[in-house]
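In: fold the following.
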Amino acid sequence: MLKGIVAGVLVGLVSITCHGQVKVLRDKSEKGDQRRTILAIPATRSYQIRPELRVECLHKEETVQFIVEETDEFSVVLDAGPHEKARSGVVNLRVKLDDGPPTSHQWTELPDHRSYGYNRYPGPEPKRDPDLTSDARKLLDDARTQSDILKFLKDIFSAKTVQIENHRFDVGELRKEFDKYPECRVYYKIAP
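Out: Next comes the predicted model:
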């Protein structure tokens, strides 16, 4: 059995749950080869449309020539309406964990133009061989993004509150809810 790990972070908006409550959405494909759990936390302040922070766990199984390949993907999404963005669709958003100092993290604007997927943990860019092919560069960039998402999830799990720009989320109950679902618990096998 081959096992692959893919990680991503997304942030999303619009919630009908109460303050501090984790909303859980689950689905499974008809063939049973894909399970997804989305844990959503609304912002603590009242808004006409309330921003939402989402963590998604996705488990896929695919049979290729009698070998079952499993892939686990994690993403963090902030859905909080439009922010100023760079032409590339990448924005830097201030993230503050509990009472710590704010740090700038890179997020990618999603096609709905209201949500942003997490993609870069603060830190220096790695030095790369200039002779790498574009495919090799993409594989290295994808691996870094996956690693950065896992680091960010670790930070979220160790905090009680997360503030992204001016949106504050109570994340204290997130880990307890996260631990209930097998497609989410895979995180503990791969986390840094």
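In: from G117, how far out is F152?
Out: 11 Å (Cβ to Cβ, to the nearest Å). From N, CA and C alone the C-beta is placed, and that goes for glycine too.
In: same deal with L39?
Out: Taken as Cβ to Cβ, the span from L39 to G117 is 15 Å.
In: I149 contacts V77, correct?
Out: No - between I149 and V77 there is no contact, the gap being 10.9 Å when judged by Cβ atoms under 8 Å.
In: okay, now the sheet partners of the host helix or strand of V91, with direction.
Out: Using DSSP states H and E, V91 sits in strand 90-97. Strand 90-97 has the following sheet partners, assigned by DSSP bridges: strand 103-109 (antiparallel), strand 161-164 (antiparallel).
In: save the ones you listed as a markdown table, and put in mean neighbour count too.
Out: Listed next are the strands paired with strand 90-97 as a markdown table, based on neighbours: other Cβ atoms under 10 Å:
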| stretch | mean neighbour count |
| --- | --- |
| strand 103-109 | 18 |
| strand 161-164 | 20 |
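In: among those, which is nearest E173?
Out: strand 161-164 (11.6 Å; Cβ to Cβ).
In: quick one: mean pLDDT over that closest one.
Out: Across strand 161-164, pLDDT averages out at 92.
In: name the residues that touch whichever helix or strand comes after that strand?
Out: Sequence-wise, the next helix or strand downstream of strand 161-164 (DSSP H and E) is strand 167-170. Outside of strand 167-170, the residues within contact range by Cβ atoms under 8 Å, 6 or more residues apart in numbering are 19-20, 41-45, 51, 53, 78, 80, 160-163.
In: show me which pair in the residues you listed is furthest apart.
Out: Maximum distance among the contacts of strand 167-170 (Cβ to Cβ): 19.9 Å, for A80 and K160.
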